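Q: Return atomic coordinates for the entry below.
(one chain, ligands or ions: 1)
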Amino acid sequence: MNVDIVQFMDGVKARTPGEDEFHQAVFEVVVSVWDVYDANVRYKRARILERMVEPERTIIFRVLWTNDKGEVEINRGYRVEFNSALGPYKGGLRFHKSVTLSILKFLGFEQTFKNSLTTLPMGGGKGGSDFSAKGKSDSEIMRFCQSFMTELYRHIGPNTDVSAGDIGVGGREIGYLFGQYKRIKNEFTGVLTGKGLSWGGSLIRPEATGFGAVYFVQHMLAEMGKQINGLTFGVSGFGNVAWGVITKINELGGRVVTISGPDGTVYDPSGISGEKVDYLLTLRESNNDVVAPYAATFGVDFYPNVKPWEIKVDIAMPCATQNELDEIDAFHLKQNGCLLVAEVSNMGCTLDAINFFLSQKIPFAPGKAVNAGGVAVSGLEMSQNSMRYSWTKEEVDKKLHQIMHEIHQTCMQYGRTSDYINYVKGSNVAGFVKVADAMLAQGLV
Ligand code: 2IT
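A: A predicted model of the protein is given here:
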């Protein structure tokens with residue numbers, strides 16, 4: 001390992017003790033971009049990399065609300081406004097009990113490069129809370145969202161910082177958050193994306209992360225002279241992203257044989273299609289965060305406390321959460337002849353798993369490239385809101401196709417070697433250079 005990288009990381013760790021997920025995300029980028037950084041005197045003199053790992057602004061606040069029993073509940077709210085070199089801060093809100101500053105910083109950091117890759121004018125940000133909808137009533141969720149927005153509203157705006165969904169934040173939560181913002185500001189603006197279709201949302205936004213990921217996989221496969229039709233897929237998770245991925249794979253003739261939740265893995269060898277895909281939405285709406293009822297409903301196998309990666313598939317698409325696929329899982333996939341891995345969750349694979357894929361020359365694309373379709377269509381929602389107009393499904397889907405194609409081209413431009421496409425290097429370097437140049441141009445701000 002290059003001593004300069006070790007020194008750089010020591011500096012980051014000393015300034016941000018205990019933020020393990022953030023250190024992991026920074027390390028992955030720094031290793032990829034170091035050569036480019038080191039060779040560029042202007043970047044170094046301006047200390048661009050040191051500046052990039054420091055969020056422009058971090059807001060942490062208390063969120064008080066009352067539960068249905070009238071008791072006081074206390075949560076912590078966050079918005080990390082990471083980088084505004086390319087546009088207003090843009091990124092989702094995550095509501096989950098596991099949320100910490102470290103997790104939101106890793107997500108906001110990644111978001112900056114991901115948004116850079118989309119070709120759209122968006123900076124990077126992320127926010128959320130340690131609030132979990134599990135076991136909560138609809139009115140409790142509404143009261144929480146209203147209280148959260150009662151503080152957040154003063155920090156955001158359609159030209160300043162635009163939030164969206166992430167784990168635990170879907171159409172329902174966006175509705176409550178938007179309603180409260182509108183009420184406080186007396187203003188109907190595109191301050192959030194992922195809105196309902198009748199009140200400023202974009203067609204295809206709910207599907208965009210999953211559809212975009214599958215379009216990306218089509219390009220990866222095309223490089224190998226293959227296509228989706230007839231291949232089997234291992235998917236983890238069962239939320240919005242997994243739903244979009246599964247829907248599109250079915251449309252293209254592939255077969256998805258697994259989904260998973262915090263409780264374990266469902267194995268459905270005949271394929272998750274038709275009414276079974278719709279059932280995922282029912283599962284999600286139940287607020288229980290378990291996948292086992294799928295197995296009981298459709299009479300298939302359920303493996304408690306097991307991840308999907310031991311099951312033989314042609315393509316693996318982790319769609320759940322960070323660090324859900326480790327080196328041992330990577331080894332199992334390889335043993336079973338997996339053709340490629342497309343990370344759909346943010347930082348879904350551990351560094352060791354990624355290094356294993358790279359060393360084995362198994363095509364591996366990181367989340368910031370594969371899942372960028374979600375935020376890209378959020379960017380298109382912002383454009384439509386600014387115009388006070390909506391595009392058709394076909395128009396949005398065409399733009400999404402185009403964006404995913406461009407991201408794939410960019411990854412190849414920066415990551416192609418004679419016998420392998422290093423998508424990790426490709427996406428990190430491409431994302432980095434654009435943000436770095438914009439930061440240089442804008443001076444010391
Ligand atoms: O991780 C992500 O890119 C998202 N959760 C979507 C962010 C957005 O602003 O649509």
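
Q: Would you mind listing what in the protein touches the ligand?
A: K90, G91, G92, Q111, A164, D166, T193, N346, N371, G374, V375, S378 (Cβ under 6 Å from any ligand atom). Every residue, glycine included, has its C-beta placed from N, CA and C.

Q: what sits opposite the fifth one in the beta ladder?
A: This means A164. G92 (DSSP bridges).

Q: Give me the distance between it and R94.
A: 10 Å (Cβ to Cβ, to the nearest Å).

Q: and what of the fourth one?
A: Spatial separation of Q111 from R94 under the definition Cβ to Cβ is 11 Å.

Q: Can you give me every residue that contacts N428?
A: E28, V29, S32, V33, F113, P366, K368 (Cβ atoms under 8 Å, 6 or more residues apart in numbering).

Q: and of the residues you listed, the nearest to the ligand?
A: K368 (8.4 Å; Cβ to the nearest ligand atom).

Q: residues in contact with Y78?
A: T58, I59, I60, F61, V99, L101, L104, G127, G128, S129.

Q: now the helices for the stretch 151-300 of the chain?
A: 171-185, 205-223, 240-251, 275-285, 292-298 (DSSP state H, counting those that start in this stretch).

Q: Columns mean pLDDT and mean neighbour count on top of those, output as TSV?
A: Shown next, in TSV, are those (pLDDT from 0 to 100; neighbours: other Cβ atoms under 10 Å):
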stretch	mean pLDDT	mean neighbour count
helix 171-185	98	19
helix 205-223	98	23
helix 240-251	98	24
helix 275-285	93	15
helix 292-298	97	16
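
Q: circling back: now that you've got the contacts of Y78, can you turn the buried subset into something I can paste into ChimeraX?
A: Selection of the buried residues among those in ChimeraX, burial being defined by 16 or more other Cβ atoms under 10 Å:
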select :58,59,61,99,101,104,127,128,129
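
Q: Out of the contacts of Y78, which sit inside strands?
A: T58, I59, I60, F61, G127, G128, S129 (DSSP state E).

Q: Go ahead and confirm E110 touches A25.
A: Yes. With contacts counted by Cβ atoms under 8 Å, E110 reaches A25, the gap being 5.5 Å.

Q: element containing Y303, please.
A: Per DSSP states H and E: Y303 is located in strand 301-304.

Q: in its sheet, what does the helix or strand just after that strand sit against?
A: Scanning forward in sequence from strand 301-304 by DSSP H and E, the next helix or strand is strand 315-317. Strand 315-317 has the following sheet partners, assigned by DSSP bridges: strand 232-235 (parallel), strand 340-342 (parallel).

Q: In the residues of the chain next to the ligand, find the pair that's most separated.
A: T193 and N346 (16.9 Å; Cβ to Cβ).

Q: Could you count how many residues lie near the closest residue to L203 other than its chain neighbours?
A: Leaving aside its sequence neighbours, L203 sits nearest to K393 (Cβ to Cβ, 6 or more residues apart in numbering; 4.4 Å). By other Cβ atoms under 10 Å, 12 other residues sit near K393.

Q: From what I see, K393 and R205 are in contact.
A: No. Proximity of K393 to R205 does not meet the contact threshold set by Cβ under 8 Å, at 10.7 Å.

Q: quick one: low-confidence parts of this protein?
A: Within the chain, no stretch falls below the threshold (pLDDT under 70).

Q: quick one, strands of it?
A: 57-66, 72-83, 89-95, 124-129, 161-164, 232-235, 255-261, 264-267, 301-304, 315-317, 340-342, 364-365.

Q: hmm, back to that, between Q111 and R94, what contacts are shared?
A: K126.

Q: Who has more neighbours out of the two?
A: Neighbour count, other Cβ under 10 Å: between Q111 and R94, Q111 has more, with 28 against 24.

Q: for the more buried one, what are its contacts?
A: Q111 touches F82, K90, G91, G124, G125, K126, V375, counting by Cβ under 8 Å, 6+ apart.

Q: nearest to the ligand, of those residues?
A: So of the contacts of Q111, ranked by how close each gets to the ligand (Cβ to the nearest ligand atom), first place is V375, at 4.0 Å.

Q: from memory that closest one sits against S116, does it?
A: No. V375 lies out of contact with S116 (Cβ under 8 Å); the separation is 10.7 Å.

Q: circling back: columns distance to G274 on top of the strands of the chain, output as TSV?
A: Shown next, in TSV, are those (distance: least, Cβ to Cβ, whole Å):
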stretch	distance to G274
strand 57-66	39
strand 72-83	39
strand 89-95	30
strand 124-129	34
strand 161-164	29
strand 232-235	16
strand 255-261	12
strand 264-267	15
strand 301-304	19
strand 315-317	20
strand 340-342	24
strand 364-365	29
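
Q: OK, contacts around the closest residue to the ligand within the stretch 201-350 of the chain?
A: Here the residue of the stretch 201-350 of the chain nearest the ligand is N346; by Cβ to the nearest ligand atom that distance is 5.3 Å. Neighbour list for N346: F106, L107, E110, T321, Q322, G367, K368, N371 [criterion: Cβ under 8 Å, 6+ apart].

Q: Can you give me the separation between the first one and the ligand?
A: Using Cβ to the nearest ligand atom, to the nearest Å, one obtains 11 Å as the distance from F106 to the ligand.

Q: Nearest spatial neighbour of K90, chain-adjacent residues omitted?
A: M122 (3.9 Å).

Q: give me the number of residues near the nearest residue to F331 once chain neighbours are set aside?
A: The shortest distance from F331 to any non-neighbouring residue, by Cβ to Cβ, 6+ apart, is to F356 (6.7 Å). By the measure other Cβ under 10 Å, the count of residues near F356 is 21.

Q: do the same with V300
A: Other residues close to V300 by other Cβ under 10 Å number 16.
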